[in-house]
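Engineer: Okay, predicted coordinates and the sequence, questions at the end:
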Amino acid sequence: MKLIHFFFFLPLLTVATSCREDELVVPSEYDIIGDENHTGSIRGFYLVNEGNMGSNKCTLDFYDYHTGLYSRNFYSERNPEVIKELGDVGNDIGIYGSKLYVVVNCSHKVEVLDAVSGIRLGQIDIPNCRYVRFHRGKAYVSSYVGPVLIDPDAPKGAVYEIDTLSLSVSRKVSVGYQPEEMEVVDDYMYVANSGGYRAPNYDYTVSVIQMVDFKQVQQIPVGINLHRLKKDRYNKLWVTSRGDYQSRPSRLYVMQKKPGFNQMIVTDTIPVACSNMAFFGDYMYYYATQWNNYTASNSITYGIIDIRTKEKISDNFITDGTEKEISIPYGIAIHPETGDIFVTDAKNYVSSGTLYCFTHDGRKKWSVRTGDIPAHITFLQK
Amino acid sequence: MKHIWLSVGILSVSSTGIFAAVNTDTLSRQLEEVVVTARKSNEDVIPAQTLAGDELQRLNSNSVADALRYFSGVQVKDYGGVGGIKTVNIRSMGTNHTGVVYDGVELGNAQNGQIDLGQFSLDNIEALSLYNGQKSEILQPAKDFGSAGTIYMKTRTPVFDEGENYHARATIRTGSFDLLNPSALVELKLGQRVSASLSAEWVNSSGKYKFRYRRVNPAGELAYDTTAVRQNGDINATRIEVNLHGVLNTGSWDFKAYNYNSERGVPGAIVNNVWRRGERIWDTNSFVQGRYTGYFGRFTTLNHLKYAFYRTHYVNNDDKQVKIDNLYRQREIYFSSANEYAVNDFWNISASYDFMWNTLDADVYGFVKPERISQYLSAATALSFGRFRCQASVLGTFIHDKITGQQAPADKQVFSPAIFMNGYPIRNKDFSIRVFYKRSFRMPTFNDLYYADMGNSQLSPERVTQYNIGALYDHSSCSLISAVRISADAYYNRVKDKIVAYPKGQQFRWTMLNLGLVDIRGIDVTGLITVNPYRDLFLTFRAQYTFQRAIDITNPADNYYRHQIPYIPRHSGAAVANAGWKGWGLNYSWIYVGERYNQQENIRYNYTQPWYTSDISLSKDFRLGKVSLRGLIEINNLLSQDYDVILNYPMPKRNFRVTLTAEI
């Protein structure tokens, strides 16, 4: 009968190993960075970790220049009552006035928080939303799917206008296929259309929206599969093309208005690949990640372009060799006062990333572990 | 007769003396029996686990995948519900290393290499066996020497008593998830030497079930508590199967035609703000297969032929996402010839050759329509000296791929050896010790190699090396404790060139690379005891425990270096208690899966809690004239635990099922 004891003991053994407990809301974690700065007008910055699709691991991190503390998973701690937390695949972040907007792509919503406390104020449901920009008291969000009108199989994308007081959609306009980033210059909005759902028939245009009546007035041909669209201090637009990932490489285009005309035209095609960029003074800092089929590895490049001459002036803005540690650069931002450069590393997309802070002359100042796929940064003013 | 079977080792199953003594009328019956009952004496060479007959039917299982949870060393990935995908991973080596054999022929999926075991109901399954390494027979298709671990599903074979000409069985199951599942089986004796069976089944379920997410903050206060209904998990499926069995003067033959048709919703991950998705899948899986076995003196031959056609139609109707409407068609032609020769009483040799042709066609832009010719050549030998047995095999695999529009990758050849040994240190053969060493590999699937934008045609096969040492105590008697069986195995596996998804450029673009290196050490313990304390009362206890340390040792620079790989618990186990008394059956089963991590990094954010469920069932057999009836009532997840097997795929709370079977 001793054998019977063995059989009863067996389950007990495993129970003793570990039992199920109440599921906790994911708590914040803090790292001491110590890079304090009490003098400037910047209080800190928010970083959105995208999280892999279906993992519901979009998280928000915050770095505080007052305390020198980096906090991971800031959102759940401040808003424990939100069911299933921040959501699935963060795609953009922006601060306007006292509010912080987080675009959560696969949760089909824009989450609105108090910019200082991080407490949730509400959400705006926008299907497959991508990027957010602000203009005259309104937030604008690009979305891959607009209203289904003519061709239900290939709906065009849209830009939604959100009233920042009532947090509701006030207007929307249909643009090209799968729109990405946008900017407003002189009361016209420019939207980069990718057509990513239509490969190989990518979209190749920038949509122009007249802000007064919120109508698309023009589509300017630029290049296939457009993604980034950012304006510099001279109101020039810098637009990136992802290429077709095969024969047509990623490219960087510059658009500006001819003197005396109100129309943006493509003035330059800069023969560099560009995945993302940030401006500081008269310089643009960029990186590019491109897959090389021949070597079966990612080829990663960094560089600085003088935005006045549109010439590449440096092949790397990291000067101390740290770039060898970065496997997939995924986001870039520059501190508007100190010029510190932030680069995120998404690694293998399914493990914690790293945020690197470099001094303006490209030496590593510090780095910190982030959530999965750290990608988008916005600075909080005091 | 049983004595003979028990004393005949696998090495001499084919030896002529025995078959010559059996008249052909009962040959087919005993041939089938040998597979089932002979296991008891022959399983020594390789650790094998089997669930069969009544015990299998009482195990509160909806599908084959559910039943496999009672085997040690097995992890089932379950996406929840009746229609949710369920795949099996043996000893942490990965789903693609698991072979699944249905009535003698391995099921294939050249597209992604994974078999959804949720599609196979237990309705007509008679026995379910799990072999680590490979089956301990040398007379088997070359392909069967190839997998790192194999699950054998065996359907019911007609056995007629004197004067019987037919059997019929009708079953109806209903219960939670709006389940309606009627099935029927007819067995006919067509002649002295030929019998047939027809089995058909229909499953319809809304797949709706309640699930709950509850979180508390570190102070213990409730943060949120929500209960919702799982949507888009419906299934409507039919299965029809026709079998013919025949006996010849010097052998036997079988023929099978199988058709499975389903329409399913894909419930998808539950994430913030998304509680319903719009993906649907239509599957049609059809195959015909034949088997011929011949005995000619010292020579035995086993031949298989199969043609399979699989059609998958995938649609994403979610108007918030990219529209997808793709049709995939796979075809497979398979031929195998296995031949064994008994050199003398203690030495057998075998050689097998398999040929397989696979194609995949899809209406996807830029699809390369891969075509694959695989050839397998194996040689094996078995030795048996009294209390010591040994089996060694070597398999050569030759793969040739052809694709349209691109240059095909170079042909691949892989040789994989294996050696299995078993000995009885004590004279009475109750106690045995076994060891095995095996190298195996998995070919990159068509998806790994050629999937639009993601595939990498330069991939090499993913390799596994297994070392196993174990012991078994097996004793039967007529006393109070009528049977005892305890086995323990310790193993060390190494997965090299593991095929992993690797990010490529930006925007969730991936490619496949031979990048991973995994070190797996584990212990499997199983035990079974049957007690007969009172005349008709039989109590059976069965338990299994698995310890696994499966760590990623790819690159010391990774922040998950030496961390446990995703979804592999360190501790898992199951326990079953079964009581039978005068037609009544009471079954209690308990499954435990310990804490796991849902991603590579073992950090708090990836922590997944342990889960354990209790299932209970009660059955009663009775007769109404010539009709024998069985009623079965099952309650699953008795304590209504809210758990996820896979992150964001919630499992059902307490649910029940009622089954009524009538048999003539």
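Structural biologist: The structure has been received and is ready for your questions.

Engineer: roughly how far apart are the residue in the stretch 101-250 of chain B positioned nearest to chain A and A:Glu77?
Structural biologist: Relative to chain A, the nearest point of the stretch 101-250 of chain B is B:Ala223 (3.9 Å; CB to the nearest CB). C-betas here are computed from N, CA, C, even on glycine. Distance from B:Ala223 to A:Glu77, counting by CB to CB, to the nearest Å: 10 Å.

Engineer: can you check B:Glu137 too?
Structural biologist: B:Glu137 is 59 Å from A:Glu77, by CB to CB.

Engineer: do the same with A:Ile305
Structural biologist: Distance from A:Ile305 to A:Glu77, by CB to CB: 40 Å.

Engineer: cool, A:Ile33 as well?
Structural biologist: 18 Å.

Engineer: What of B:Ala408?
Structural biologist: 54 Å.

Engineer: what packs against the helix or strand encompassing the residue of the stretch 101-250 of chain B closest to chain A?
Structural biologist: Using DSSP states H and E, B:Ala223 sits within strand B:222-229. With contacts taken as 3 or more CB pairs under 8 Å, 6 or more residues apart in numbering or on different chains; DSSP states H and E, strand B:222-229 sits against strand B:210-216.

Engineer: For the strand it packs on, name the packing helices and strands.
Structural biologist: strand B:222-229, strand B:649-650.

Engineer: which residues does A:Arg20 contact?
Structural biologist: B:609-612, B:641, B:643 (CB atoms under 8 Å, 6 or more residues apart in numbering or on different chains).

Engineer: hang on, the earlier thing: pick out whichever of B:Glu137 and A:Glu77 has more residues nearby.
Structural biologist: B:Glu137 (24 against 18; other CB atoms under 10 Å in any protein chain shown).

Engineer: which SS class is the more buried one?
Structural biologist: coil (DSSP: H, G, I helix; E, B strand; the rest coil).

Engineer: That one and B:Ala127, how far apart?
Structural biologist: 15 Å.

Engineer: ok, back up a step: looking at the helices and strands packed on strand B:210-216, which is buried most?
Structural biologist: strand B:649-650 (a mean of 22; mean count of other CB atoms under 10 Å in any protein chain shown).

Engineer: which residue sits closest to A:Tyr96, ignoring its sequence neighbours?
Structural biologist: A:Phe134 (4.1 Å; CB to CB, 6 or more residues apart in numbering or on different chains).

Engineer: count of residues packed around the one you found?
Structural biologist: 17.

Engineer: For the stretch 501-650 of chain B, which segments are assigned as strands?
Structural biologist: B:510-534, B:537-552, B:571-581, B:584-593, B:596-597, B:607-608, B:611-624, B:627-636, B:644-646, B:649-650 (DSSP state E, counting those that start in this stretch).

Engineer: Quick one: low-confidence residue ranges for the chain.
Structural biologist: The chain I'm using is chain A. Low-confidence segments of chain A (pLDDT under 70): A:1-18, A:146-153.

Engineer: could you do chain B instead?
Structural biologist: B:1-47, B:507.

Engineer: Let's check: the centremost residue of it is which one?
Structural biologist: By CA atoms, centre = their mean, the mean C-alpha position of chain B lies nearest to B:Ile151, the distance being 3.8 Å.

Engineer: residues contacting it?
Structural biologist: B:64, B:68, B:88, B:90, B:98-101, B:117, B:128-131.

Engineer: before we move on, what about A:Val102?
Structural biologist: A:Val102 touches A:48, A:58, A:60, A:86, A:90, A:92-93, A:110-113, counting by CB under 8 Å, 6+ apart.
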